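[1] Quick check, what structure comes out for this input:
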Amino acid sequence: IDGKFYSGMRTLQNLQQISGFDAAVKFPEYVPPPPPPRPPPPPGGFKAPAVEARSTPEQLALAQHLQSQGAKFYGAYWCGFCAKQRTMFGAEGTKALPYVECATDGYQSASAACASKPEVDGYPTWEINGKFYGGMRSLEDLAKLSGFTFSAKDVAIVGSASSSVTRGPGGCNLSDGGAD
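    Numbering: from 1, shown residues only. Next comes the predicted model:
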């Protein structure tokens, strides 16, 4: 203004004063419009992405074993790590998993049950034999934690599916909306 440089942010009133503009002229303050509302969930809630790969007999057997042992897989439909965990079981195994939907707008949501468990502080979280294990787990790790035994050749196949635990600063947090 008038050949002078003014660094930093300035208010409209401050710019009027510096430039010699008539202070009697008032400008409305700019207020950005609110973001569009979140779409309502479909009837029953949002569903997790479908798993399309077929399950091996071992993947299905492990999922059924976890179900029979009373294990729980706490997750959210929007959580990328939960989607990867489900994919490790294949389509049929995923249907047999003891999955608990924690997102309030998720399909068949059990968000109150999730909130009542302080150990469920991120997704995925596994509850096996009364103990909680946070993070995505390999099938071999889930088998060990639940007392399921694979044959020697199965361990080589299943153990290579993923590392033992995957969740960290980029993992899924508890806010409904997701981070991956």
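
[2] now the lengthiest helix in the chain: mean pLDDT?
    Scanning the chain for the longest helix, with DSSP state H as the assignment, gives helix 57-68. Helix 57-68 shows a mean pLDDT of 96.

[3] Buried by neighbour count: which residues of that helix qualify?
    Applying a neighbour-count criterion of 16 or more other Cβ atoms under 10 Å, one finds 58, 59, 60, 61, 62, 63, 64, 65, 66 buried in helix 57-68. All C-beta atoms are positioned from the backbone trio N, CA, C, and that covers glycine.

[4] so when I look at residue 21, I'm seeing a helix, right?
    No - read with DSSP: H, G, I helix; E, B strand; the rest coil, residue 21 is coil and lies in no helix.

[5] for the longest helix of the chain, packing partners?
    When contacts are defined as 3 or more Cβ pairs under 8 Å, 6 or more residues apart in numbering; DSSP states H and E, helix 57-68 packs onto helix 90-96, helix 139-146, helix 152-159.

[6] Repeat the analysis, applying 10 Å as the threshold.
    Applying 3 or more Cβ pairs under 10 Å, 6 or more residues apart in numbering; DSSP states H and E, we find helix 57-68 packed against strand 72-75, helix 90-96, strand 99-101, helix 139-146, helix 152-159.

[7] Just name the most buried of these.
    strand 72-75 (a mean of 25; mean count of other Cβ atoms under 10 Å).

[8] export the longest helix of the chain as PDB, just CAs?
    The C-alpha atoms that make up helix 57-68 are tabulated as PDB, following Å, rounded to 0.1, in the frame of the first residue of the first chain:
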ATOM      1  CA  PRO A  57     -10.400 -74.600   4.000                       C
ATOM      2  CA  GLU A  58      -7.800 -73.500   6.600                       C
ATOM      3  CA  GLN A  59      -9.000 -69.900   6.500                       C
ATOM      4  CA  LEU A  60     -12.600 -71.000   7.000                       C
ATOM      5  CA  ALA A  61     -11.700 -73.400   9.700                       C
ATOM      6  CA  LEU A  62      -9.800 -70.700  11.600                       C
ATOM      7  CA  ALA A  63     -12.800 -68.300  11.300                       C
ATOM      8  CA  GLN A  64     -15.200 -71.000  12.600                       C
ATOM      9  CA  HIS A  65     -12.800 -71.800  15.400                       C
ATOM     10  CA  LEU A  66     -12.600 -68.200  16.500                       C
ATOM     11  CA  GLN A  67     -16.400 -68.000  16.400                       C
ATOM     12  CA  SER A  68     -16.800 -71.200  18.500                       C
END
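
[9] roughly how far is that helix from the heart of the chain?
    23 Å (Cα atoms, centre = their mean, to the nearest Å).
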